[in-house]
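**Q** Below is the sequence, then the predicted model.
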Amino acid sequence: MDSILGSILTIILLLMRIYSYILLIYIFMSWFNIRDTEIGRLFARISEPYLEPFRRIIPPIGMIDISPIVAFFVLDLARAGIAQVFSWLM
């Protein structure tokens, strides 16, 4: 049972790490104005549903949007929380 839970945890954490990288790349794409490319639209479809609630709650400060920083923080807390729950189960 521990082996199965460990494998599930590893997969979940890997997917969350990959999602973090996708978010980071998507944010960098905005700096270079390449969101209108095919890959940019793909990353937008993946990233925007997660980033949108943070953007509604946290307004930009001038030209700077800090909502992705909060989104990364929340994603990291979720990753730590999932790891903790799995450690209790194993």
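**A** In hand now; what should we look at?

**Q** C-alpha only now, for contacts and for neighbours.
**A** Will do.

**Q** Name the next helix or strand downstream of the helix or strand hosting residue 22, please.
**A** Using DSSP states H and E, residue 22 falls within helix 2-31. Proceeding N to C from helix 2-31, the next assigned helix or strand is helix 38-57, under DSSP H and E.

**Q** So what touches that next one?
**A** Residues outside helix 38-57 that contact it (Cα atoms under 8 Å, 6 or more residues apart in numbering) are 22, 23, 26, 29, 34, 35, 65, 67, 68, 70, 71.

**Q** so which one among those has the lowest pLDDT?
**A** Lowest pLDDT within the contacts of helix 38-57 is found at residue 35 (84).

**Q** Spit out the contact partners of that one.
**A** Applying Cα under 8 Å, 6+ apart, the residues near residue 35 are 26, 29, 41, 44.

**Q** re the thing from before, grab the two from the contacts of helix 38-57 that are most spread out in space.
**A** Pairwise distances across the contacts of helix 38-57 peak at 23.1 Å for 34 and 70 (criterion: Cα to Cα).
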